[in-house]
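Q: take a look and give me a structure for this.
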Amino acid sequence: MSNFFSSPWFLEASADTLFAGDGARPRTVQVDGQRFDALVLPDGSVVSNPMSDFLEPRSPGDPPLGEVVQVRSLPRVATARIEVTRPPAQHLGVVPSPYIDWRGFSSWETYVAQASRRDWRAFKNTARKRRKLTRDIGPIDLTLDLPDHDLVEQALMHKARQLRLTGGLDRFASRRTRQLVHRLVHEGHLTLSVLSACGRPLAYALAHWGGDRVSSWITSYDPGAADFSPGTQLYEAMMQESFSRGHTEFDFLIGAEPYKYHYATHERLVGPVGQASRRQRLAGTIRTAIEADQRPRRLRQAARKLALRAAQLRLAHQSAAPIDDDAFRAHIEANTPGWPWAGSTAPTD
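A: Take a look at the predicted model:
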């Protein structure tokens, strides 16, 4: 089974919400003998979807989405699967997407024991913080499926705040990306899980629970509760539920954040496939040079900040509000008539 970024419903929602008016539609493309489902413009070019982590080859035998389009290359596809090493290996020119392969474990207890031996921060440390959270704030409540759009927006506010404070690219500055998330929740493809204490939401996870895997896509937490690691507590509860449902994978998706390697057993390597264009080759050369750069760290960080700033300015509805949850939310509502459904498919119930 391909990941949800390759699914018809994700591609349709992305076409309608992110690329309305461009004529992009889901199509099956072929490159180097492999077939993928992607968004294709009327001229036959593949859309670069900023909300898609990577594509996976489509299942053999499935009928294609329309006439198959031949393309020269795709920039981000899963090219290989390998076991995770300690410390994680560095792979030049590709980015990792860690995941847990449940097929290697006969019971939940077996997995917990292995993860705890591999890294003390997995499970044992969380249990201690769970006791502290209960003692300092109150009883913990976990809801794995809560289709509450106000809480979805709160989760995105916390994520936007986190990205801005850490110098990351805040894609949620664009109302279209937030509308995509709301639409997927409304259609039942994306599930919001929330960990609360004494009625106060502390951690959020927007994930796709489907087929043989859980794909954890957008996670955030209340920074006022950071000492309790609520996000980790929520993650571990979701992992246990995934195992109990008989999934084969718990997918952390793209990114080499250290916490993912407290738990992951394997990783996908994500990179280009096919014959890249001159522009793509140049971009790849620049990325490789940056990865191999031996200049002082502060210069590399300064260059990265400049690149992120340039990308951030290209996003629609860039917020000029201070990094404050209430102010940021007010700014979004004021600049998005019909929030959060403007420009998207409104609920009919």
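
Q: S45 - how many residues pack around it?
A: Number of residues near S45 (other C-beta atoms under 10 Å) recorded here: 13. Where C-beta positions appear, they are placed from N, C-alpha and C, glycine not excepted.

Q: so what's the closest residue in space to it that isn't next to it in sequence up against?
A: Counting by C-beta to C-beta, 6 or more residues apart in numbering, the nearest residue to S45 once its immediate chain neighbours are dropped is V71, at 7.8 Å. V71 makes contacts with 29-31, 44-46, 274, as judged by C-beta atoms under 8 Å, 6 or more residues apart in numbering.

Q: ok, L74 next?
A: L74 touches 29, 31, 36, 38, 46, 55, 272-274, counting by C-beta under 8 Å, 6+ apart.

Q: okay, it: pLDDT?
A: Looking at L74, its pLDDT reads 94.

Q: that one in helix, strand or coil?
A: Recorded secondary structure, L74: strand (DSSP: H, G, I helix; E, B strand; the rest coil).

Q: beta partners of it?
A: Counting by DSSP bridges, L74 is bridged to V273.

Q: related to what we said a few turns ago, quick check, nearest of the contacts of L74 to L202?
A: L55 (33.5 Å; C-beta to C-beta).

Q: could you give the number of residues near that closest one?
A: Residues near L55, counting by other C-beta under 10 Å: 24.

Q: one more: V94?
A: Neighbours around V94, by other C-beta under 10 Å: 17.

Q: I'd guessed it sits against V273; true?
A: No - counting by C-beta atoms under 8 Å, V94 does not reach V273; the two are 10.9 Å apart.

Q: now for these two: what residues contact both?
A: Common neighbours of V94 and V273 (C-beta under 8 Å, 6+ apart) are T79.

Q: how about the residue lying closest to D119 once chain neighbours are set aside, what does it touch?
A: Nearest non-adjacent residue to D119, counting by C-beta to C-beta, 6+ apart: H262, 4.5 Å away. Contact analysis of H262 by C-beta under 8 Å, 6+ apart lists 115, 118-119, 121-122.

Q: from the residues you listed, which is closest to D212?
A: A115 (20.6 Å).
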